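>>> Quick one: sequence plus predicted model below, questions after.
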Amino acid sequence: MKQKADWEKYVALANSLKMTEVRMISPKNIVFDIRAILKCRWGCEYSVADNLRCGARDTTYRERVEMIKRYKHILLVHSHDVRQLSAAVLKIERSAFLDGYYFAFAIRCCNLCKNCVVQKGTSCPKPEKIRPCDSSFGIDVYKTTRRLGLPCEVLQNKNDVQNRYGFVLID
């Protein structure tokens, strides 16, 4: 079993990557709601059948919820910048993996590229870095973060501050 210092290492890494806030939470803190998947499939501009960013990869909702519940530790990462957040959760996942947490897994919609070329019918330049979106797992990010006292509101205009979240499952 790893020491508490390991978690502090991942928090420090997230902070060094300019994340707004980082918290270690448990699966019990995650609020699941199948309606998140409905919004994902029918309310997201990226949700198309052949989009590498989306899809359940032949897993059911129940399997995805069960997967998350099997973890003991989840790093919740908060940022105002979607691209920085996507890159940060992958770096944290990699660091945890190299530390021996071979099931380390990031959950965050891919926003690594400024303009997704997959949307234009071109192959993804970083397919190995794609991770599932929290909505595709049925995670109600709004309720999860609000219960933890973190800001998460529907944006009213383009000038509103974005509060984006990613999850790194570590065990």
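Okay, I see it.

>>> neighbours around K39, how many?
K39 has 13 neighbours, counted by other Cβ atoms under 10 Å. For the C-beta atoms, the positions are set from N, CA and C on the backbone; glycine is no exception.

>>> OK, contacts around it?
S135 (Cβ atoms under 8 Å, 6 or more residues apart in numbering).

>>> ok, it to I139 distance?
11 Å (Cβ to Cβ, to the nearest Å).

>>> With L112 instead?
Distance from L112 to I139, by Cβ to Cβ: 20 Å.

>>> what do you get for S95?
Distance from S95 to I139, by Cβ to Cβ: 22 Å.

>>> Which one's more surrounded, those two?
Legend: neighbour count by other Cβ under 10 Å for S95 and I139, higher for I139 (25 against 18).

>>> residues in contact with that one?
Contacts of I139 (Cβ under 8 Å, 6+ apart): I30, V31, F32, A36, I68, I107, F167.

>>> secondary structure class for T145?
helix (DSSP: H, G, I helix; E, B strand; the rest coil).

>>> just curious, which of the contacts of I139 is nearest to P125?
Nearest to P125, judged by Cβ to Cβ, of the contacts of I139 is I107 at 21.2 Å.

>>> Can you name the residues that contact that closest one?
I68, V89, R131, P132, C133, D134, F137, I139, G166, F167, V168, L169.

>>> what's the answer for W7, then?
Neighbouring residues of W7 by Cβ under 8 Å, 6+ apart: M24, H73, L75, I170.

>>> mind redoing it with 6 Å?
M24 (Cβ atoms under 6 Å, 6 or more residues apart in numbering).
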